[in-house]
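Peer 1: Any chance you can model this:
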Amino acid sequence: PKDFKNEFEIIQKNAINSWRVLSNDIEIIIMGNSIGSKDMAESIQAVYIKNVPSSENDVPTVSGLFKIAERNARHKLLCYINADIILPKNFLDTIGVLKNVRKNFLAVGHRWDLDVKEEIDFYNPHKENHFWNYAKTASMKHAPTGIDYFIFNKNTFRKIPDLVIGRFGWDNWLLWYARRNFMALIDLSLSVFAIHQNHTYVFKGFKSSSAVELSKDGLLNKKIIKDRALNLLDTNYVFKNGTVKKKSSKVFINRNLGKLPIIFP
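Peer 2: Numbering: from 1, shown residues only. I've put the predicted structure just below:
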């Protein structure tokens with residue numbers, strides 16, 4: 001997470017509490033030395049890991065986070081999720097199906113953007129239902145380029161370059177990696193109504209999203225990724241009505257043909 005300050009304190013508490021409400025049995029791992037992370041972990045009985053591999057600007061790397069998670073997680077199935085994402089109550093139903101997918105896979109999905117200005121008591125069923133009713137009417141589906149959660153089995157990602165978390169493009173590279181390595185890239189958007197809480201980019205000295213993109217870490221990501229980036233339209237499987245199905249529409253086939261030179265140059 002970012003430091004638990006100002007808007008990010010509200011946003012991150014909402015997100016993380018929504019995860020814990022899903023079940024007391026799921027293992028949540030919070031990583032990094034940001035202010036307030038340890039206290040948040042203790043409040044929801046999560047595992048807390050302070051030290052993670054980072055860039056020279058003290059921003060965690062994707063490879064470092066994933067390696068630490070795999071080393072410490074007690075379950076085979078993992079989910080990386082950004083700390084501003086609120087998960088719906090049916091999320092574990094989807095996980096139950098994915099646990100039985102035999103093919104190597106990466107499951108991802110759209111997010112829906114929503115203005116949230118106050119803390120939500122997800123432990124109160126009435127207030128939780130009120131929030132979800134509000135989200136259904138007020139949220140807006142984000143473009144397919146933004147991916148905020150990734151579900152996969154241990155040992156799925158064996159070689160991740162030193163991409164930096166929280167800087168643009170690393171999520172799109174992971175989708176490219178999945179297709180490049182013949183995984184089932186599954187779109188969960190029809191089942192998982194994941195809420196992204198809108199926020200500014202005022203943190204760690206930044207003032208705007210363009211400043212983050214043009215930062216040293218942002219430019220490093222861009223240099224590593226080059227054109228090796230895909231989005232949710234490039235998923236080749238879809239989760240629908242409780243089952244995982246291969247995409248076969250003419251729209252997908254035509255798009256896929258255009259992307260093959262990027263996946264297999």
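Peer 1: where does this protein dip in pLDDT?
Peer 2: 200-214 (pLDDT under 70).
Peer 1: ok, which stretches of it are helices?
Peer 2: 6-22, 37-43, 62-72, 91-98, 125-138, 170-180, 209-213, 216-225, 250-263 (DSSP state H).
Peer 1: for these, which one sits closest to residue 108?
Peer 2: helix 170-180 (6.8 Å; CB to CB). Bear in mind the C-beta positions are built from the backbone N, C-alpha and C, glycine included.
Peer 1: now the angle from that closest one to helix 62-72?
Peer 2: 70 degrees (axes from the mean of the first three to the mean of the last three CA atoms, to 10 degrees).
Peer 1: For helix 170-180, list every residue counted as buried.
Peer 2: Neighbour-count burial for helix 170-180 flags 170-179 (criterion: 16 or more other CB atoms under 10 Å).
Peer 1: Just give me the neighbour total for the residue nearest to residue 66 when sequence neighbours are not counted.
Peer 2: Counting by CB to CB, 6 or more residues apart in numbering, residue 66 lies nearest to residue 157, which is 5.7 Å off, once chain neighbours are set aside. Counted with other CB atoms under 10 Å, the neighbours of residue 157 add up to 21.
Peer 1: was I right about residue 157 contacting residue 177?
Peer 2: Yes - assessed by CB atoms under 8 Å, residue 157 is found in contact with residue 177 at 6.9 Å.
Peer 1: need the contact list for the nearest residue to residue 143 once chain neighbours are set aside.
Peer 2: Nearest residue to residue 143, sequence neighbours excluded (CB to CB, 6+ apart): residue 231, at 7.9 Å. For residue 231, the contacting residues are 143-145, 147, 172, 175, by CB atoms under 8 Å, 6 or more residues apart in numbering.
Peer 1: returning to that earlier point: and the helices of the chain: which comes nearest residue 242?
Peer 2: helix 91-98 (6.1 Å).
Peer 1: List the buried residues of that closest one.
Peer 2: Buried residues in helix 91-98 (16+ other CB under 10 Å): 91, 94-95, 97-98.
Peer 1: Same question for stretch 50-67.
Peer 2: Neighbour-count burial for stretch 50-67 [16+ other CB under 10 Å]: 52, 54-55, 59-66.
Peer 1: can you list the residues that contact it?
Peer 2: Stretch 50-67 has contacts (CB under 8 Å, 6+ apart) with 31-33, 37-38, 68, 80, 157, 160-167, 170, 174, 215-217, 220.
Peer 1: rewinding a little: wait, which of the buried residues of stretch 50-67 is closest to residue 244?
Peer 2: Taking CB to CB as the measure, residue 244 lies nearest residue 66 of the buried residues of stretch 50-67, at 22.8 Å.
Peer 1: for the one residue sitting closest to the centre of the chain, which residues make a bridge with it?
Peer 2: A centroid search over the chain (CA atoms, centre = their mean) returns residue 149, at 2.1 Å, as the residue closest to the centre. For residue 149, the beta-bridge partners under DSSP bridges are residue 81.
Peer 1: quick one: it and residue 96, what's the gap?
Peer 2: Separation of residue 149 from residue 96 (CB to CB, to the nearest Å): 16 Å.
Peer 1: Buried deepest among the helices of the chain, which one?
Peer 2: With neighbours taken as mean count of other CB atoms under 10 Å, the helices of the chain reach their highest mean count in helix 170-180, at a mean of 22.
Peer 1: any idea how far that helix is from the chain center?
Peer 2: 13 Å (CA atoms, centre = their mean, to the nearest Å).
Peer 1: Neighbours of residue 140, how many?
Peer 2: 11.
Peer 1: and it, what is it in contact with?
Peer 2: 112-114.
Peer 1: what's the answer for residue 229, then?
Peer 2: 169, 172-173, 175-176, 262.
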